[in-house]
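Asker: take a look and give me a structure for this.
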Amino acid sequence: MMHRYQRHLCLPEIGPEGQQRLLQSRILVIGAGGLGSAAAYYLAAAGVGTLGIADFDIVSTSNLQRQILHTTDRVGQLKTDSAKVALRALNSEINIVTHVRELTKISMKKIFPEYDLIVDGSDNFPTRYQTNDTCLLLKKPFVYGSAIGFKGQVTFFQPGTGPCYRCLYPKSPADGETPNCSTAGVLGAVPGIIGLLQALEAIKWILQKGEPLIGRLLLFDALACQFQEIKIQKDSQCIC
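Answerer: Numbers count the residues shown, from 1 in each chain. Now for the predicted structure:
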């Protein structure tokens, strides 16, 4: 088995001990879409021992431009089933757990305790806010990412340390107030880049190496091929 991770083992920051931490880790990826596809693929490749995928949507042809877990012959299948096929083909030695249900306040409280860390690849505000609130309640760290058009953003929220999602975005926008990928479009590679950064942040946290993006929002502009970092302050008036 360890031959698979040989390039990790020769890194002094990882080595056998770090790889064992990855193999013993449990990470939940919310959404098997553009962000979740990239994040889950690299988490599986890295050897995350138990990888959860939560989604209740089905694969459509329009997904394939960016959602690399899915293929043409799996159009019409549940995204969780399609994701499981792809991830098992990549790494059959890890445990893939699927959650085919809409994530609500109740279901999150049941599912999240099973995992060490949450990767939020959702594409809607209600899920993002509920993920934040549940992670705060359960003291679960989570990696947030989003992408639209040619731009994306990513950060790391650690309950008890630094700000939360509501400190960044205190109020959920009204329906139709902000564009989404369905109406505004997205360059397929952009959620791929953001998803990879989410996977990287999750791996760093498992290994306890490097500096997580706590209190820092990393912005990516694909047209300029530039990254910009913005400090996020903890809001003393935050409802959380």
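Asker: which residues does the residue nearest to Q226 when sequence neighbours are not counted bridge with?
Answerer: Closest residue to Q226 apart from its sequence neighbours, by Cβ to Cβ, 6 or more residues apart in numbering: F220 at 7.6 Å. For the C-beta atoms, the positions are set from N, CA and C on the backbone; glycine is no exception. For F220, the beta-bridge partners under DSSP bridges are G152, F227.
Asker: correct me, but L22 touches I206?
Answerer: Yes - between L22 and I206 a contact is recorded at 5.7 Å, counting by Cβ atoms under 8 Å.
Asker: list the residues that contact both of these two?
Answerer: Taking Cβ atoms under 8 Å, 6 or more residues apart in numbering as the contact rule, L22 and I206 both touch V48.
Asker: least trustworthy helix or strand in this protein by mean pLDDT?
Answerer: Sorted by mean pLDDT, DSSP states H and E, the helices and strands of the chain end with helix 181-184, the least confident at a mean of 73.
Asker: which helices and strands does the helix or strand just after that one pack with?
Answerer: Sequence-wise, the next helix or strand downstream of helix 181-184 (DSSP states H and E) is helix 189-207. Here helix 189-207 touches helix 15-24, helix 34-46, strand 117-120, strand 142-148, strand 151-157, strand 216-221, going by 3 or more Cβ pairs under 8 Å, 6 or more residues apart in numbering; DSSP states H and E.
Asker: dump those to TSV, plus mean neighbour count.
Answerer: As requested, the helices and strands packed on helix 189-207 are exported to TSV (neighbours: other Cβ atoms under 10 Å):
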stretch	mean neighbour count
helix 15-24	16
helix 34-46	27
strand 117-120	26
strand 142-148	26
strand 151-157	24
strand 216-221	16
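Asker: and of these, who's closest to D73?
Answerer: Proximity to D73 (Cβ to Cβ) singles out helix 34-46 among the helices and strands packed on helix 189-207, at 16.3 Å.
Asker: quick check: bridge partners of the closest residue to L213 other than its chain neighbours?
Answerer: With Cβ to Cβ, 6+ apart as the criterion, L213 has its nearest non-adjacent residue at 4.2 Å, and that residue is F156. Under DSSP bridges, the beta-bridge partners of F156 are V143, I214.
Asker: run through the residues that contact F156.
Answerer: Taking Cβ under 8 Å, 6+ apart, one finds 141-144, 201, 205, 212-214 in contact with F156.
Asker: do that again at 6 Å, thanks
Answerer: Contacts for F156 (Cβ atoms under 6 Å, 6 or more residues apart in numbering) come out as 143, 201, 212-214.
Asker: now M108
Answerer: Contacts of M108 (Cβ under 6 Å, 6+ apart): T134.
Asker: look at it and report its pLDDT.
Answerer: For M108, the pLDDT comes out at 97.
Asker: that one sits in which helix or strand?
Answerer: Using DSSP H and E, the element containing M108 is helix 105-111.
Asker: for the protein, what are the low-confidence residue spans?
Answerer: The chain contains residues with pLDDT under 70 at 1, 174-179, 181, 239-240.
Asker: picking that back up, so how far is V143 from the residue nearest to L213?
Answerer: With distances taken as Cβ to Cβ, to the nearest Å, F156 is found 5 Å from V143.
Asker: who touches both of the two?
Answerer: Contact criterion Cβ under 6 Å, 6+ apart; residues shared by F156 and V143: E201.
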